[in-house]
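> this one's sequence-less:
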């Protein structure tokens, strides 16, 4: 994702969060490629590491130790730039907790559609926090990063609710914060309030393309593994009532935009 802007086996960075049959077939077969348009500026050493990590046969697949010692990692890690962790890190983490569940899911979709150039600073912050280098933030790494931020203001005590904050940010319930979840949390309003970005998110919910989000569509998306931990039907009905301002039982784009504000 960091090298080309989309996950392995995916067609493009704008592919839907909901895996297609074609995508699942590619994963099972282990078929992937490096399109020149997206990978033209990526070194052959980097591509070699990707090939080794994606080998279908686990017996010959690259291990974590082998990956760390790969020539591409060894030659680039010493030059990785240090990114100062700003105070906005904690602000974003706290702010995300209070967001509407539908808005959290929508931001997750928008994060998938952003170009790498739009998230360069966020990417560098993630890499600075992810001291383990595995692309997954654990509570210990988050604590370390928050402590660094607080030390800049003279505060030594880490917030007691940091663990709960992490649970809120970990939208797929994996126990760690992955790259997309982190981008979702760190998005600025000027990025996600662009109309085209909101349309991309709206279309992910509007599964039948009729211009409105029904209760069934809302339930399908919010109970999907990729976006949000499963919600009960009553909770989804409550969410619908909060967003559906004209009480027609569906969410149109204007109501969706109002919720995003």
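That came in fine, so what should we check first? Bear in mind the structure is a predicted one, so any value in this text is a computation, not a measurement.
> And this structure, split by domain according to the record?
Here the domain parsing of the chain from the TED database is 18-76, 87-189, 195-260.
> State the mean pLDDT of the longest one.
Across domain 87-189, the average pLDDT comes to 81.
> From the chain's centroid, how far away is it?
With CA atoms, centre = their mean, to the nearest Å as the basis, domain 87-189 stands 10 Å off its chain's centre.
> and what of the first one?
Going by CA atoms, centre = their mean, the spacing between the C-alpha centre of domain 18-76 and its chain's C-alpha centre is 20 Å.
> Sketch out the helices for the stretch 101-250 of the chain, chain order is fine.
101-113, 120-129, 139-151, 162-169, 179-186, 189-192, 195-205, 215-222, 233-243 (DSSP state H, counting those that start in this stretch).
> Would you mark the buried spots in the second one?
In other words, helix 120-129. 122, 123, 125, 126, 127, 128, 129 (16 or more other CB atoms under 10 Å). (C-beta placed from N, C-alpha, C; glycine too.)
> Nearest to residue 199, out of those: which one, please.
Closest approach between the buried residues of helix 120-129 and residue 199, by CB to CB: residue 122, at 21.9 Å.
> number of nearby residues for the closest residue to that closest one other than its chain neighbours?
Leaving out its chain neighbours, the residue that sits closest to residue 122 by CB to CB, 6 or more residues apart in numbering is residue 186, at 4.6 Å. Residues contacting residue 186 under the criterion other CB atoms under 10 Å number 22.
> Kindly provide the distance from residue 186 to residue 145.
12 Å (CB to CB, to the nearest Å).
> Overlap of the contact sets of these two?
residue 89 (CB atoms under 8 Å, 6 or more residues apart in numbering).
> CSV please, covering the helices of the stretch 101-250 of the chain and showing distance to residue 58.
Shown next, in CSV, are the helices of the stretch 101-250 of the chain (distance: least, CB to CB, whole Å):
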stretch, distance to residue 58
helix 101-113, 28
helix 120-129, 27
helix 139-151, 27
helix 162-169, 30
helix 179-186, 23
helix 189-192, 38
helix 195-205, 33
helix 215-222, 33
helix 233-243, 39
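> Relative to residue 39, which of those is closest?
It's helix 120-129; of the helices of the stretch 101-250 of the chain, that one is closest to residue 39 (CB to CB) at 17.3 Å.
> Just give the nearest non-adjacent residue to residue 88, would you?
residue 186 (7.9 Å).
> re earlier: which one of the helices of the stretch 101-250 of the chain lies closest to residue 59?
helix 179-186 (27.7 Å).
> Residues contacting the closest one, please?
With CB under 8 Å, 6+ apart, helix 179-186 has contacts from 1-2, 88-89, 92-93, 96, 104, 107-108, 110-112, 114, 119, 122-123, 125-126, 135, 137, 169-172, 177.
> In ChimeraX, how would I select just the buried ones from these?
What follows is the ChimeraX syntax for the buried subset of these, where burial is set by 16+ other CB under 10 Å:
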select :1,89,92,93,96,104,107,108,110,111,112,114,119,122,123,125,126,137,169,170,171,172,177
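> How much space separates the residue nearest to residue 246 when sequence neighbours are not counted from residue 207?
Closest residue in space to residue 246, ignoring its immediate chain neighbours: residue 255 at 7.3 Å, by CB to CB, 6+ apart. Look at residue 255 and residue 207: by CB to CB, they are 17 Å apart.
> Please apply the same query to residue 183.
24 Å.
> next one: residue 115
25 Å.
> who's more crowded, these two?
Each of residue 115 and residue 207 has its neighbours counted (other CB under 10 Å); residue 207 has more, 16 against 10.
> Now that one: closest residue in space, sequence neighbours ignored.
residue 217 (4.9 Å).
> and that neighbour, what is it in contact with?
So residue 217 contacts 205, 206, 207, 208 (CB under 8 Å, 6+ apart).
> 7 Å instead?
205, 206, 207 (CB atoms under 7 Å, 6 or more residues apart in numbering).
> Would you mind giving those as TSV with pLDDT added?
Shown next, in TSV, are the contacts of residue 217 (pLDDT from 0 to 100):
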residue	pLDDT
205	90
206	93
207	91
